[in-house]
Structures are given as structure tokens and as C-alpha cells.
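Asker: Quick one, fold the following:
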Amino acid sequence: MKNRSLPLQIKAEKNSFLSCLAVFVPLVALLVLLSIQEIPEYFRFFLLLFAGWFSWTFSEYCIHRFYMHKRIPNLNQKLYQSHENHHRHPSDIRINVMQRILASLLGGLLLYLSFVWNNYFTVFTGYYLGFLGYALMHYILHQTWAAYLFPRLQESHIHHHGKYPDKCFSFSCIWWDKIFDTLPPKNARISDKFRKYYFSNPYHKESGG
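Answerer: Numbers count the residues shown, from 1 in each chain. From the prediction side, this is the model:
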């Protein structure tokens, strides 16, 4: 017997995605409009760089929420399967050290070119740096010492891997989770027992990722 509620769920998720876009587009448009005003060149540079990074944080949230958790079916099966594997084996992030080094070098080159050209290419650089930051941050959040550097972000990520896989979709910041009401309940707490279990999982040793 077919699940008749499935089409309604898909429609609801698509509407949720459109609602997210309706919030994001005016915000990023405002940043771009500010950049074409009579402002100092250095301020325009950082504004465009921020607009790119800001756009990445939104992409990161939506890709994780709607694609990686297959809220809308048939969007990207491989991406969903890869992320499902990550939930089963948290240290299996599949970005090695050499890839991180090369990506960082490319980021430095793009930043230099953006500074020299000082045009809308800077938005792309900001977006790329956002992606690079995500790749590094995701690795960091799966290390025990991240509790001292990024306690709120790590707590949010542990909630996502633990009791609330339908919450906490952001990596770089948690403002989109706040805006779109995908934070766990205010009284949600991570016990010392669960934290110890989380990091003692044989698939989650710090040698991985």
C-alpha cells in the first residue's frame, strides 16, 4: 500500500526550501546593493567577501538539510548515501590532508587575485573560502578539543549526530538554524556519559577524518 502522506511531506519540504530562499535572497541582495554605493574600496572588498561567505553558509545549511538528509527525494542520491555513511561512521569525512592543503593554497591564490582585481570576483572567493572553512570546521568539530574552541558549534553537531538528526544543519555558524527554527529544544543537554560514548566510538577516533 502506497504511503499517501509522502507527496504531502515532499510538498511541505519544497515549501520549506522556498521559504528559506525567500529569507536569504533579500539579505544577500542588500549586501550587494551596499557594495555599489559610494564607499571606500577596502570596505567594498570586505563587504563582497562577506557576501560570498554569507552565501556559502546558506548553501551549506540547505545542502545539508534538504539534500544530504533527502528531505526532497531524487535530488542527489550519491550525496545522500555519502552523508548517511558519515552518520554511521563519523570519522569517515573523506577529505584527506593533501586535499585540505591544496584547497587552502587555492584559497590563498583566489584571495590574492580578489585583492588585486577588487571586483565581483571577490564574491566567488568569499564563497570558496566559506566552503574551505566548512571542510576544516567539519573536521575540527569531530575532535574532542573543539569543545574549547567552538563549544556551541560542537554541541550543535553532536546533537545532530545524536538525538536530533532532523535539527542542527549548520556547520560554520548556527544562525540559519535559529532563523529557520531547526535548533534542538532549549532544554536539550549533552550528558557527560553520551559525550564520552560519542568520542569513544571505534569509528570516531581522532586519527580519522
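
Asker: how far does the helix or strand harbouring Ala147 sit from the chain's center?
Answerer: Under the criterion of DSSP states H and E, Ala147 resides in helix 146-149. Here the centre of helix 146-149 is set off from its chain's centre by 18 Å, with C-alpha atoms, centre = their mean, to the nearest Å.

Asker: and if you look at stretch 150-169?
Answerer: Relative to the centre of its chain, stretch 150-169 is centred 12 Å away, using C-alpha atoms, centre = their mean.

Asker: distance between the ends of that stretch?
Answerer: 16 Å (C-alpha to C-alpha, to the nearest Å).

Asker: where does the most centrally placed residue in the chain land on pLDDT?
Answerer: Residue closest to the mean C-alpha point of the chain, counted by C-alpha atoms, centre = their mean, is Glu60 at 3.5 Å. Glu60 carries a pLDDT score of 92 in this model.

Asker: Output the contacting helices and strands for the helix or strand where Leu33 lies.
Answerer: Leu33 is part of helix 5-35 when elements are defined by DSSP H and E. Helices and strands touching helix 5-35, by 3 or more C-beta pairs under 8 Å, 6 or more residues apart in numbering; DSSP states H and E, are helix 41-62. Placement of C-beta: from N, CA and C, glycine included.

Asker: Kindly recompute the last result at 10 Å.
Answerer: Packing partners of helix 5-35 (3 or more C-beta pairs under 10 Å, 6 or more residues apart in numbering; DSSP states H and E): helix 41-62, helix 121-141, helix 175-179.
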